[in-house]
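J.: Predicted coordinates and the sequence they were generated for:
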Amino acid sequence: MYNQYYVYLLTNKNNTVLYTGVTNDLRRRVYEHKEKKTEGFSKKYNVTKLVYYEVFRDVKSAIFREKQVKGGSRTKKNELVNKMNPKWRDLYYNL
């Protein structure tokens, strides 16, 4: 058995804000965002809809990728979502 790490993008109901994160438990972490368990950006901007994620086997690769995505433009992030999830549906319920 091996660990998995995830880089993910969340948005709000109108798809106007994007949040990039990294975690080792995607289902738990998105649940925490949805329930507003943590103070910060996602709570302030009501970012609760999982629209994109990538899976990694090691934490260093995941953190490196998170930094790449965070440093990218909104256009680049939109392209990632549109390629995986063109209707911008909440992927949380399919995890």
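T.: Perfect, I can see it now. Residues are numbered from 1 along each chain as shown.
J.: CA only for contacts and neighbour counts going forward, please
T.: Noted.
J.: Give me the contact list for the worst-scoring helix or strand of the chain on mean pLDDT.
T.: Taking mean pLDDT, DSSP states H and E as the measure, the chain has helix 41-44 as its least confident helix or strand, at a mean of 92. Under the contact criterion C-alpha atoms under 8 Å, 6 or more residues apart in numbering, helix 41-44 has outside partners 19, 33, 36, 47-48.
J.: Show me the residues you listed that map onto strands.
T.: Within the contacts of helix 41-44, residues falling in strands by DSSP state E are Tyr19.
J.: which among the contacts of helix 41-44 gets closest to Tyr93?
T.: Thr48 (12.1 Å; C-alpha to C-alpha).
J.: how much space is there between the closest one and Lys67?
T.: 21 Å (C-alpha to C-alpha, to the nearest Å).
J.: What are the boundaries of the strands in the protein?
T.: Counting by DSSP E, the chain has strands at residues 5-11, 18-23, 49-56.
J.: Just the buried positions in the last one, please.
T.: Judged by neighbour count using 16 or more other C-alpha atoms under 10 Å, the buried positions of strand 49-56 are 49-53, 55-56.
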